[in-house]
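S.K.: any chance you can model this:
(one chain, ligands or ions: 1)
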Amino acid sequence: MLKHWINGKEVESKETFTNYNPATMEEICEVASGGEKEINEAVLAAKEAFPKWANTPAKERAKLMRNLGELIDKNVPKIAELETKDTGLPIHQTKNVLIPRASHNFNFFAEVCTRMDGHTYPVDDQMLNYTLYQPVGVCGLISPWNVPFMTATWKTAPCLALGNTAVLKMSELSPLTAHQLGQLALEAGIPSGVLNVIQGYGSTAGAALTKHHDVRAISFTGGTATGRQIMASAGIKKYSMELGGKSPVIIFDDADLERALDAALFTIFSLNGERCTAGSRIFIQESVYDKFVAEFARRAKRLIVGDPTDPSTQVGSMITKQHYDKVTGYIDIGMKEGACLLAGGLERPADLPVHLSKGQFIQPTVFANVDNKMRIAQEEIFGPVVCLMKFKDETEGLKLANDVEYGLASYIWTQDIGKAHRVARGIEAGMVFINSQNVRDLRQPFGGVKASGTGREGGNYSFEVFTEIKNVCISM
Ligand code: NAD
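M.R.: From the prediction side, this is the model:
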């Protein structure tokens, strides 16, 4: 049984659930299913570990963060294989991008925590105010299944480096690598109780964690509906809410179309399309629409869908049968709404080997001539399905891009620098990429507006959720 990590020890639960490999539907293992009891134990351990950890010199905490980064580096192949087995993500993406990024997260926040400073506000020569950033206490970290190890470490690294202790609740759909994280943290020398990992469902373990009185901050990544539920029920806490997306890609007729095609294909079909920042709504200026659409569909058809463990695979398996049904349900809706299906669709990919016959595979699916009011253009599908739409000019392109509930990422393609800046300013999104696919720098603020969430994580912006700022005023 895959167990929890509580206060440095592996702990079982009476209840368990079964974890499956979505590509083969074979059972991987039984997983301990935590609830209120396990959450209470984990929060207590984190609370007791907090004073000593918060007072550990930043240099020492940084050293332990680097140790953990090094251990992750040494274990990249093993962790990547587990992640691929658990989620259906292609191995070349887990091994070359996602798991190595987890180690960067620890190395990066090791630097950040040793460089923390504050501000001073002198008031004539009578008063001096200065600010201190201090750890918050016990933090509840809740992670989804789509890039589980990367997201868990993206939360754990700043949380611990800045002097907090944590209870990490992983998605019930991707428990394997979080268990590794708990183990490697102990091997790295991070004291017992500083990082506790609880496996279990959102409605039991997740809800108990978010409502717990001793949890001072919640860093949540997941769906918008869950985010709303947590904010309505968890009470007065610090929050970072990294929620869903339906991100626009705006391609003007003066864009470098070759690069735009490649990047647009990448932003929707990498990570199986199960990506919060996926460019799932592509707006193309009318004079280049036909050319772009034909070439985009041609390239989408060439993507290799198949065994996630095969290094040549570009699109693997959806996470569960239920998610497969959701995504194919949207493909069905798109066809009924009258969108033009140019690639993919409901048929299973051809030539899948026998051992993948029960897997959750969907062909990269391209809809053209979509109306922005259609459900496929408005609702987060979270799979390899993209909507192509036409626009006339800058004003209409921006209006259509903003006409959606979400506001996470956005992508603009043009050679006109003035237009690029105007659209970047007008677009309702937390992140704008101009002439670029989604390239991350760990210093940048990550997060969204509107239904995509509140709060930012990354660089010093992680202070928002993982520190309290205190003002000290001295009379002179
Ligand atoms: P989800 O909201 O169903 O679950 C996310 C996590 O919350 C899981 O660990 C789940 O067990 C837990 N949870 C569920 N109900 C809960 C409750 N009542 N209280 C506390 N915890 C609860 O999301 P998901 O299906 O795992 O992930 C997909 C979603 O995550 C998509 O909408 C995607 O866009 C979003 N996402 C956002 C970002 C971002 O940075 N903005 C990144 C990745 C994924």
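
S.K.: which residue does the stretch 51-200 of the chain have closest to the ligand?
M.R.: residue 144 (3.1 Å; C-beta to the nearest ligand atom). All C-beta spots, glycine's among them, are computed from the backbone N, C-alpha and C.

S.K.: for the chain, which residues are neighbours of the ligand?
M.R.: Residues of the chain lying close to the ligand by C-beta under 6 Å from any ligand atom are 142-146, 169, 171-172, 201-203, 206-207, 210, 221-223, 226, 229-230, 242-245, 276, 380, 382, 408, 448, 453.

S.K.: follow-up on the earlier one: state the distance from the residue of the stretch 51-200 of the chain closest to the ligand to residue 152.
M.R.: 10 Å (C-beta to C-beta, to the nearest Å).

S.K.: between these two, which one's more packed in?
M.R.: residue 152 (30 against 25; other C-beta atoms under 10 Å).

S.K.: just give the nearest non-adjacent residue to that one, would you?
M.R.: residue 143 (4.7 Å; C-beta to C-beta, 6 or more residues apart in numbering).

S.K.: one more: residue 3?
M.R.: Per C-beta to C-beta, 6+ apart, closest to residue 3 is residue 10, 4.2 Å.

S.K.: helices along the stretch 151-300 of the chain, start to end?
M.R.: Here the stretch 151-300 of the chain has its helices, by DSSP state H, counting those that start in this stretch, at 176-187, 207-211, 224-233, 257-269, 286-302.

S.K.: any idea which helix or strand carries the residue of the stretch 51-200 of the chain closest to the ligand?
M.R.: Assigned by DSSP states H and E, residue 144 belongs to no helix or strand.

S.K.: show the model's pLDDT score for the closest residue to it other than its chain neighbours.
M.R.: Using C-beta to C-beta, 6+ apart and skipping residues adjacent in sequence, the residue nearest residue 144 is residue 222, 4.6 Å away. If you check residue 222, the pLDDT there is 98.

S.K.: you'd agree residue 222 is up against residue 141?
M.R.: No: Residue 222 lies out of contact with residue 141 (C-beta atoms under 8 Å); the separation is 11.4 Å.

S.K.: more crowded one of those two?
M.R.: Neighbours were counted for residue 222 and for residue 141 using other C-beta under 10 Å; residue 141 has more, 30 against 24.

S.K.: A strand includes that one, no?
M.R.: Yes: under DSSP: H, G, I helix; E, B strand; the rest coil, residue 141 falls within a strand.

S.K.: who does it form a beta bridge with?
M.R.: residue 168, residue 219 (DSSP bridges).

S.K.: quick one, what contacts it?
M.R.: 152, 155, 156, 159, 166, 167, 168, 169, 218, 219 (C-beta atoms under 8 Å, 6 or more residues apart in numbering).

S.K.: ok, the fourth one - how many residues close by?
M.R.: Right, residue 159. 28.

S.K.: residue 310: neighbour count?
M.R.: Neighbour number of residue 310 under other C-beta under 10 Å is 15.

S.K.: with residue 355 instead?
M.R.: 11.

S.K.: one more: residue 347?
M.R.: 8.

S.K.: and it, what's its pLDDT?
M.R.: 96.

S.K.: equivalent analysis for residue 401, please.
M.R.: pLDDT, residue 401: 98.

S.K.: does it lie in a helix or a strand, and which?
M.R.: Going by DSSP H and E, residue 401 is part of helix 394-402.

S.K.: against which helices or strands is the helix or strand just after that helix packed?
M.R.: Later in the chain than helix 394-402, the nearest helix or strand by DSSP H and E is strand 406-407. The criterion is 3 or more C-beta pairs under 8 Å, 6 or more residues apart in numbering; DSSP states H and E, and the helices and strands that strand 406-407 contacts are strand 449-450.

S.K.: given whichever helix or strand comes after the strand it packs on, what are its sheet partners and their directions?
M.R.: Where DSSP H and E defines the elements, the next helix or strand beyond strand 449-450 is strand 453-454. Applying DSSP bridges, strand 453-454 is found paired with strand 238-242 (antiparallel).

S.K.: using PDB, write down the CA coordinates of the partner strand.
M.R.: The C-alpha trace of strand 238-242 is given here as PDB (Å, rounded to 0.1, in the frame of the first residue of the first chain):
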ATOM      1  CA  LYS A 238      -4.100  33.400   3.100                       C
ATOM      2  CA  TYR A 239      -5.000  32.000  -0.300                       C
ATOM      3  CA  SER A 240      -3.300  31.400  -3.600                       C
ATOM      4  CA  MET A 241      -5.800  30.000  -6.100                       C
ATOM      5  CA  GLU A 242      -4.300  28.800  -9.300                       C
END
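
S.K.: in it, what's buried?
M.R.: In terms of neighbour count (16 or more other C-beta atoms under 10 Å), strand 238-242 has its buried residues at 238, 239, 240, 241, 242.

S.K.: likewise stretch 338-353?
M.R.: 339, 342, 343, 344, 345, 348, 349, 352.

S.K.: same deal with stretch 320-338?
M.R.: Quick answer for stretch 320-338 (16+ other C-beta under 10 Å): 320, 323, 324, 327, 328, 330, 331, 334, 337.

S.K.: could you do stretch 211-228 as well?
M.R.: In stretch 211-228, counting by 16+ other C-beta under 10 Å, buried: 211-212, 215-224, 226-227.

S.K.: can you put those residues in JSON lines and add distance to residue 106?
M.R.: Below are these laid out as JSON lines (distance: C-beta to C-beta, whole Å):
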{"residue": "211", "distance to residue 106": "29"}
{"residue": "212", "distance to residue 106": "26"}
{"residue": "215", "distance to residue 106": "23"}
{"residue": "216", "distance to residue 106": "22"}
{"residue": "217", "distance to residue 106": "19"}
{"residue": "218", "distance to residue 106": "21"}
{"residue": "219", "distance to residue 106": "16"}
{"residue": "220", "distance to residue 106": "21"}
{"residue": "221", "distance to residue 106": "18"}
{"residue": "222", "distance to residue 106": "22"}
{"residue": "223", "distance to residue 106": "27"}
{"residue": "224", "distance to residue 106": "29"}
{"residue": "226", "distance to residue 106": "27"}
{"residue": "227", "distance to residue 106": "26"}
